[in-house]
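In: Okay, sequence plus prediction incoming.
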Amino acid sequence: MTKVTALWRHPIKSHGREALTRVTLTQGRSMPYDRLWAIAHDAAKADGSEWVACQNFSRGSKSPALMAINATLDEAAETLTLTHPDRPDLTVQPDTQGAALLDWVRPLVDAARAQPAKVMRLDQRGYTDTPYASVSLCSQSSQSDLERLTAAPLQSERWRGNIWFEGSAPWEEFNWIGRELRLGTTRLRVEEPIQRCMATTANPHTGVRDVDTLKALNMLGHQNFGIYATVIETGDVALGDQLELI
């Protein structure tokens, strides 16, 4: 049986993650509060009014230290508590305390890269890595197979996936493109594989690049890990729920 093993959201794109035990997914939207905010850099061509590509934002592919941020969200107050091994803890409301957030994250950004300049918010769908509102799914067995190739442990946080599952064969998820999945009481349609970047080479506990994940993926003839899906029926997903191909 294929079942859900982990649920993650990333309230600020590329700036921390939070583990969940259950979540309600809504038709046509991404995971609630996932990538709701993003930090645009000083070379961005974006005003915050609409979705734009990840190149406009500070992110782990360019500044690996960002990968070691953890986040805890108070939904009622929409405040975030951010932690990092090299920074003091910060509790901040991104919409009203953007300057404090930028000051906190600036030392984690590579000085040779474009610098954090503005906090942006995009309701309903967030700043996902896709031009459509998506949810990402990752396979535990595919990660285990990749660990065989890297000869190193791979923490699931480095992939920044929303939903993790176990019980399928390694890389079987790529055969699900175009198929529908029943997951808890929700239904998803698998859209495409996720092509990976340098962010995945950084250790999510230290923010230091330590494993060449891209070289290992290229040994398999591609640079993909995980799949993107869209929510086509509103419902709930919890740890331990069954994943079923329809």
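Out: Perfect, thanks for sending it.

In: would you say Asp145 is within a helix?
Out: Yes. Assessed with DSSP: H, G, I helix; E, B strand; the rest coil, Asp145 lies in a helix.

In: In this protein, where is pLDDT below threshold?
Out: Low-confidence regions of the chain, defined here as pLDDT under 70, do not occur.

In: so what are the domain limits for it?
Out: 3-10+18-29+130-245, 37-121 (automatic domain parsing).

In: can I get those in JSON lines with mean neighbour count?
Out: Just so you know, the C-beta spots here come from the backbone N, C-alpha and C atoms, and that holds for glycine as well. JSON lines is the format used below for the domains of the chain (neighbours: other C-beta atoms under 10 Å):
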{"stretch": "domain 3-10+18-29+130-245", "mean neighbour count": "18"}
{"stretch": "domain 37-121", "mean neighbour count": "17"}
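
In: Now do the contacts for Val135.
Out: Applying C-beta atoms under 8 Å, 6 or more residues apart in numbering to Val135 gives the contacts Leu25, Ser30, Met31, Asp34, Asn162, Ile163, Leu188, Tyr228, Ala229, Thr230, Val231.

In: 6 Å - rerun?
Out: Neighbouring residues of Val135 by C-beta atoms under 6 Å, 6 or more residues apart in numbering: Met31, Asn162, Ala229.

In: same deal with Ala71?
Out: Pro11, Gly16, Glu18, Leu80, Leu82.

In: now with 7 Å?
Out: When contacts are counted by C-beta atoms under 7 Å, 6 or more residues apart in numbering, Ala71 touches Pro11, Ile12, Gly16, Arg17, Glu18, Leu80, Leu82.
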